[in-house]
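>>> Provided below for reference: sequence and predicted model.
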Amino acid sequence: MTSSSRRRAIAVAALLAAAIPALAACGAGFDANTNVPYAPGEAGVLISDDGSGQAYGMNGIKIPQAFILGPDSGEQIAAGGSAPIHLTVLNGTGAADQLVGIVPEEQKATSAKVPSPITLEPGALAKTTGVTVEGLKTPLRGGETIQLTLQFQKAGDIPVVAPVVTRSREYATLSPAPQTTPTPAASAPAGESPAPADATLPEAGQAAPSGSPSAPAG
């Protein structure tokens, strides 16, 4: 075999070796009865290691993607704010189930809002919409992680660690969560000074404090 033929053979073998894992992933696809491949889109969703390297769930529920949408690049979501939770869930139990709630780790946020139970049909993918983590304990800049406990009606509680991704690149078109701004304290009308909190009016028959205007004579 000539040197040029040998080089071509090596190149073909390298391409086949690179393609085989991708083709296998497309064919297996989390054991779903569909042709769509389910590869984790973000780090942190590997829940347990069953030896196959694809244990992205528990109790028949697979979670191939989980992330929290953070701020635009270079910005932050202030403490007390909220951020959208994006989950892709595959129900492999053979029976319908529902995602009824999410609990974030106590040190990171106060609660999570699921507007209504999310129905998970058997063998079908479901994506969360309108789900947010609320009452952030610290500002989010991107790159952090927040553990979430997903509460399913039948499958029970399943924990995931969701990374916070900045709203850029392929995530730039996703909508951020609405942020509330504090209402400023009401100020006294112009020309008036607010009364001190401990100010009291004199009782009937009691002299007004020294320096105070006296009541008009009756």
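That came in fine, so what should we check first?
>>> use CA for all of it now, contacts and neighbours both
Noted.
>>> for the chain, which segments count as strands?
Taking DSSP state E to define them, one finds strands in the chain at 57-58, 61-69, 83-91, 97-104, 109-113, 118-120, 125-127, 132-136, 145-152, 156-165.
>>> what's the most buried one of those?
Mean neighbour counts were compared across the strands of the chain using mean count of other CA atoms under 10 Å; the top stretch is strand 61-69, at a mean of 25.
>>> ok so, going back, would you turn the strands of the chain into JSON lines with distance to Glu75 and mean pLDDT?
Output for these, formatted as JSON lines (distance: least, CA to CA, whole Å; pLDDT from 0 to 100):
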{"stretch": "strand 57-58", "distance to Glu75": "32", "mean pLDDT": "78"}
{"stretch": "strand 61-69", "distance to Glu75": "13", "mean pLDDT": "90"}
{"stretch": "strand 83-91", "distance to Glu75": "13", "mean pLDDT": "93"}
{"stretch": "strand 97-104", "distance to Glu75": "23", "mean pLDDT": "96"}
{"stretch": "strand 109-113", "distance to Glu75": "19", "mean pLDDT": "96"}
{"stretch": "strand 118-120", "distance to Glu75": "31", "mean pLDDT": "93"}
{"stretch": "strand 125-127", "distance to Glu75": "26", "mean pLDDT": "88"}
{"stretch": "strand 132-136", "distance to Glu75": "15", "mean pLDDT": "96"}
{"stretch": "strand 145-152", "distance to Glu75": "17", "mean pLDDT": "94"}
{"stretch": "strand 156-165", "distance to Glu75": "12", "mean pLDDT": "92"}
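>>> mind checking which of those strands is nearest Thr173?
Nearest to Thr173 among those is strand 61-69 (11.0 Å), distances taken as CA to CA.
>>> give me the number of residues near the residue lying closest to Leu174 once chain neighbours are set aside?
Nearest non-adjacent residue to Leu174, counting by CA to CA, 6 or more residues apart in numbering: Arg167, 7.2 Å away. Neighbourhood size, Arg167 [other CA atoms under 10 Å]: 21.
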